[in-house]
Structure formats: C-alpha cells, structure tokens
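Enquirer: Pasting the sequence and the predicted coordinates here, then a few questions.
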Protein chains: 4
Amino acid sequence: MATLRELSDFITAEFPQTRVRILEVGSRSATVAHEVGPGELRPGGTVSGPVLMATADVALYVALLGEIGLVPLAVTTSLSFNFMRKPSADRRIIGVCTLLKVGRSLAVGEVSLYSEGLPEPVAHAVGTYAIPPGAHGGSRP
Amino acid sequence: MATLRELSDFITAEFPQTRVRILEVGSRSATVAHEVGPGELRPGGTVSGPVLMATADVALYVALLGEIGLVPLAVTTSLSFNFMRKPSADRRIIGVCTLLKVGRSLAVGEVSLYSEGLPEPVAHAVGTYAIPPGAHGGSRP
Amino acid sequence: MATLRELSDFITAEFPQTRVRILEVGSRSATVAHEVGPGELRPGGTVSGPVLMATADVALYVALLGEIGLVPLAVTTSLSFNFMRKPSADRRIIGVCTLLKVGRSLAVGEVSLYSEGLPEPVAHAVGTYAIPPGAHGGSRP
Amino acid sequence: MATLRELSDFITAEFPQTRVRILEVGSRSATVAHEVGPGELRPGGTVSGPVLMATADVALYVALLGEIGLVPLAVTTSLSFNFMRKPSADRRIIGVCTLLKVGRSLAVGEVSLYSEGLPEPVAHAVGTYAIPPGAHGGSRP
C-alpha cells in the first residue's frame, strides 16, 4: 500500500541513524540492505550482532508498513534471533522478510539475513508487531 | 574469574563501537549501562531497539566472561527479546544479566533492561552462547 | 483476583487433559506442578519435552488469570523455551511463573521449570498472551 | 541418510507416547502429522498448544536425523513458537520443517504448522539442537 519511495522517506525520518536501505517491497515481503564499514565490524573481521539485529528490525517494519500503510505507531513486541554463520566483513548484510500473519492487532514475520551474494543465511529472525487499533487501511502520519 | 577492569578492557577491544559500560560483575551476573544521546533516540522521544539489543548482548557476554574468563571465541547463538514498555529518552539503559546455566559447551542467561532509575523493565532478553572446547578455566587471549 | 480454587476449576474445565495442578497463586506469580508417570517419560529416563512445555503454558496462564480474572479468551501468542538440564524421571516438574508485564492488551511472563526438590532449573520459558479488549476487571465466563 | 521407515521406527521407540507420524523426509526437510482426537482438543473446539509444540519438536528432530543419521543423543536446546491462528478441531496438525543450518555441534530449523488442507499456518516454530561430538556420519544406536 505504500511505495518504496514513501517507505524509504518514512524509514529515514523514523530511524535517522539507520544505515539500512530498502531494496524491494512486495506482497507481504521486503528486502533491505545494511551497509558494512569500519563502524559495523568487530576485530577478527566480522559484522557485529547489533547490525544484524537492526537489519532484521527494519526489514520486518518495512514489510509490515508495505502491507498496512505508513503507521508510525506499530511497535515491535518481540524479536528472536538465531545466529548461524560468521558474516563476511566486506559484504553488505541483506535482510529478506516474509510476513507470516497480518492480523488486526498483531503481525508476525520472519527474516533471513545474508552476507550479500552468499547463499547460506548468517542469521534468522522472527518478530512480532503490535498494530494500533484503527491503523489498517493505511492512515498516513 | 576476570576482574571488572579486565572485562572492561576486553569489551573495549572486542566491541570498539560500543557505548555500553560495565557497572558490576558478580557471581553468574553482570550489570551494564548504555549511554543514551541523540544517536540512540528515535523521533517521539524513545530509545531505538538496537540500543536495547546491544545492551543485552554485552550484558550476557560480560556475565559469561566473568564466569569462564576472557574467551574471545564464545559466540552468541541466539537472542530473544520481548519489548514491554517505551524507554525514557533521557535515561541510560541498564541491563541486568543473570546466567541460568553455564555448561561445558553452552551457556544460557536472561537480561532485564531498564531505563535507569525506573522500576519496571522496558524489555527482557534471553540469550545463549556457544563456548569453544577447552575454553573453561579462563584461557586468556 | 481469582482464588486458587476458582483457578483450579477453570483450568480443569479449559484443559481437561492436563496433568498440571496449581500449587500457589500470588501477586503476578504462580507455581504449578506436572505429575510425572510412565506417560511423561522417554527411554533413558527423562521427562519428555512436551511435558515441560505444557507446564510452562499453564503456569503462565494461571499467573495471568490470577491477575486479570478468569478470562477464557486470553490466548498465548508466543512461547520460547531454553532446555538446560535433563529432568529427573522420578520427580514432578514444577513451574514457577513471574509476570513481567500485564498491559491492556498484552502480558509477558517468564517461567523457571524444575525437577521438584532440585535447585537448578531444567528449562526456562518466556511467553506472551493477548488479552481481549474489555477483559480487565475480572469478567467471569 | 536414514530412510522414512528407519526414522519412523526410531521415533516410535524414542517417543512411545507420540501421536506424530512421519509423512516425508527430504533434503534438510521433513513433514509430519499429529492425529487430532478428543485427547487433543480444548473446549470451544480447538487443538491444544502442547499438541502444536509436540508436532514441531518431532518435525525438527526427524529433519535433523534424516540428515545426520539416527543419533539418539541429539537434544533440543531451544524451541520458540508464535501462535498465529486458531487450529481447526477436525483436521490433523501438519508440521513442515526446513533446516537452516546443520553444523558440527548445532543445528537450527524452522517449522510451519498447519491445520491439514488449510493454506495459512496456525503457528511457526524455530528450534535448535545440540549434536554430540562424533555423531555425524550416521552412527547408529
């Protein structure tokens, strides 16, 4: 219900510090990318955990907003992560989100996180969002 | 097994970007604080989710290292969050970790996250760490 | 808001198959016990995973109902488990629940699961419940 | 590495009480079904939570054993559930598991749970298993 451009502007306004960019928004899905530079790395050459977590958080939020419209009051109620492989230090983190449910008051989605270009996910997340009453239908801020 | 000073130096080296500071390390427990400034806030006056997640991650890591020694290869395998209340924009985030299990190869802990000085937790986390073989006994890096 | 007797009758009606019994209901807390017999064991002499999960589910539900009254429409929306130690085959499973939040529409609680009489928890759970609108104040079925 | 017949015999031996049956085992995947009768229902006509949890647990275990062989010592270390829709009272519960990682010591998988024949999942689970050292290669009990 919201275009990629509208969503990008919204994310920039809501998360002014984020280095996550939206690549694609589809039907109950979204793909985002987190830049990886010195500020995202840990010694030994890997991406820090909070970078992965921030990527999943935005991917879920974007997929949900793409479905219900730009609802600034939708809030994350839970996020669960499994960290499976060491991310590459020189590739962006890609988050691919699929929504499993968009109910009246609760949405659930999963996110696979990749080092860009590599086939096996580095982490997997599941998150839930609380949707404020009356938000559906795409009320704009 | 490691002192607060040793742990602080270790965290600074391992997580050069972190704004988390260690306040206390006890028996199977740790308390940490994350500074909150403009870079940690979201519009509307609340602390961003990744700040809470980073605080929990470090709290768990510090509690574990306080128990098994400075093992740089211990890695987070899972982290689960429930976000319960809106954090205050003008208070530090405090993470209080209690370890539930420190096994040979796996450790489990929980973290309550607070806006400093307020009684009700803003979020709760549970995390697991994989401990590399032979790490117990406090091998130093 | 509901007595132990009322809660026990309610649980028996709502979960006719359950072998969980309520031991105590307090302020935002509850303690329950699951009988362990041949039907709860796995070869090798341990309690099956679903027994632990059922115990946590009821402990959370009882703690919540003890707080908001006998609301049959409160539904579990998430449950997360960490399994930490092998339960004893000849002791009941005890679930000790503490509620972390009881909001208007969402409640969060944690449960420590024990083999009765042993100090270290065998598992730990965190669960969330959705509370139907208007349920607070203890509407009775 | 293990056939459906071998896996079925193994599950029957390891989980003598289970009403879960294996429908299919594939590459890093498995599909199982849990019978639903009076013993699995709650008042109001829905399937009880522990039935969903038991189905996910077996689905993950079967998918893992199908990959690494019949290793009785592989143990569940975590299981996380999101409950999304009310299951139908007159349909079996189907669990479809996909493994996300099979490492040397840790495996991660996700399970979508359905009321048989209905397109939308009733619940979603993510689980982790600890694999004992030397288990790979299909050591038989």
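Expert: Cool, got the structure.
Enquirer: So the residue nearest the centre of chain A versus A:R5, what's the distance?
Expert: Taking CA atoms, centre = their mean, the centroid of chain A lies closest to A:A59, which sits 1.5 Å from it. Distance, A:A59 to A:R5, using CB to CB, to the nearest Å: 18 Å. Where you see a C-beta, it was placed from the backbone N, CA and C, and this is true even at glycine.
Enquirer: Got the confidence number for A:G138?
Expert: If you check A:G138, the pLDDT there is 43.
Enquirer: got it, and A:G69?
Expert: At A:G69, pLDDT is 92.
Enquirer: Report how many residues lie close to it.
Expert: A total of 20 residues lie near A:G69 under the criterion other CB atoms under 10 Å in any protein chain shown.
Enquirer: Then the one 5 residues further on?
Expert: As a burial measure, the neighbour count of A:A74 was computed by other CB under 10 Å and equals 19.
Enquirer: now do the one 4 residues further on
Expert: For A:S78, the tally of surrounding residues (other CB under 10 Å) stands at 26.
Enquirer: Tell me what it is bridged to.
Expert: Applying DSSP bridges to A:S78 gives these bridge partners: A:T128, B:N82.
Enquirer: Now tell me which helix or strand of chain A has the poorest mean pLDDT.
Expert: Using mean pLDDT, DSSP states H and E, strand A:41-42 stands out as the lowest-scoring helix or strand of chain A, at a mean of 90.
Enquirer: Now do the helices in chain A.
Expert: Assigned by DSSP state H, chain A shows helices spanning A:4-14, A:49-68.
Enquirer: most neighbours per residue, which of the ones you listed?
Expert: Highest mean neighbour count of these: helix A:49-68, a mean of 27 (counted as mean count of other CB atoms under 10 Å in any protein chain shown).
Enquirer: tell me the contacts of the residue of chain A found nearest chain C?
Expert: Closest residue of chain A to chain C, CB to the nearest CB: A:S78 (6.0 Å). Contacts for A:S78 (CB atoms under 8 Å, 6 or more residues apart in numbering or on different chains) come out as A:G127, A:T128, B:S80, B:F81, B:N82, B:F83, C:S78, C:T128.
Enquirer: Wait, the fourth one touches B:A123, no?
Expert: Spelled out, it's B:F81. Yes. Between B:F81 and B:A123 a contact is recorded at 5.8 Å, counting by CB atoms under 8 Å.
Enquirer: quick one: common contacting residues for the two?
Expert: Contacts common to B:F81 and B:A123, judged by CB under 8 Å, 6+ apart, are B:L52, B:A56.
Enquirer: Tell me which residues touch the most far-flung residue of chain A relative to its centre, please.
Expert: Largest separation from the mean C-alpha position in chain A: A:G44, at 25.9 Å (CA atoms, centre = their mean). By CB under 8 Å, 6+ apart, the contact list for A:G44 reads B:P72.
Enquirer: ditto for the one 10 residues further on
Expert: If a contact means CB under 8 Å, 6+ apart, then A:A54 has A:T18, A:V20, A:H34, B:G49, B:P50, B:M53 as its contacts.
Enquirer: Find me the pLDDT at it, would you?
Expert: pLDDT, A:A54: 95.
Enquirer: what does chain A have sitting close to chain B?
Expert: Residues of chain A lying close to chain B by CB under 8 Å from any CB of the partner chain are A:13-17, A:39-40, A:42-44, A:48-50, A:53-54, A:57, A:72, A:75-83.
Enquirer: Apply 7 Å and report the result again.
Expert: Counting by CB under 7 Å from any CB of the partner chain, the positions of chain A adjacent to chain B are A:13-15, A:17, A:39, A:42-43, A:48-50, A:53-54, A:57, A:76-83.
Enquirer: Near the residue nearest to A:H124 when sequence neighbours are not counted, how many other residues are there?
Expert: What sits nearest to A:H124 in space, not counting adjacent residues and going by CB to CB, 6 or more residues apart in numbering or on different chains, is A:N82, at 5.0 Å. Neighbour count of A:N82, defined by other CB under 10 Å: 27.
Enquirer: my guess is A:N82 contacts A:A123, does it?
Expert: Yes. Between A:N82 and A:A123 there is a contact under CB atoms under 7 Å: 6.4 Å.
Enquirer: still on that earlier bit, show me which of the contacts of A:S78 is closest to C:S105.
Expert: Among the contacts of A:S78, C:T128 lies closest to C:S105 (CB to CB), at 10.6 Å.
Enquirer: what's the closest one in contact with, if anything?
Expert: Each residue near C:T128 by CB atoms under 7 Å, 6 or more residues apart in numbering or on different chains is listed here: A:S78, B:N82, C:T77, C:S78, C:L106, C:A107, C:V108.
Enquirer: pLDDT score assigned to it?
Expert: C:T128 is given a pLDDT of 97.
Enquirer: Tell me the residues of chain A that contact chain C?
Expert: Checking chain A against chain C by CB under 7 Å from any CB, the hits are A:T77, A:S78, A:S80, A:S105, A:L106, A:T128, A:A130.
Enquirer: The closest residue in space to the last one that isn't next to it in sequence and B:R85, how far apart?
Expert: In this case it means A:A130. Excluding the flanking residues, the one nearest A:A130 by CB to CB, 6+ apart is A:T77, at 4.9 Å. Going from A:T77 to B:R85 by CB to CB gives 11 Å.
Enquirer: between the two, who's got more neighbours?
Expert: In terms of neighbours (other CB under 10 Å), A:T77 is the more surrounded of A:T77 and B:R85; the figures are 23 against 17.
Enquirer: My guess is that one contacts A:G127. True?
Expert: No. Assessed by CB under 7 Å, A:T77 is found out of contact with A:G127, at 8.3 Å.
Enquirer: circling back to that earlier point, enumerate residues external to the least confident helix or strand of chain A that contact any of its residues.
Expert: Contact partners of strand A:41-42, identified using CB under 7 Å, 6+ apart, comprise A:V47, A:S48, A:A89, B:E14, B:F15.
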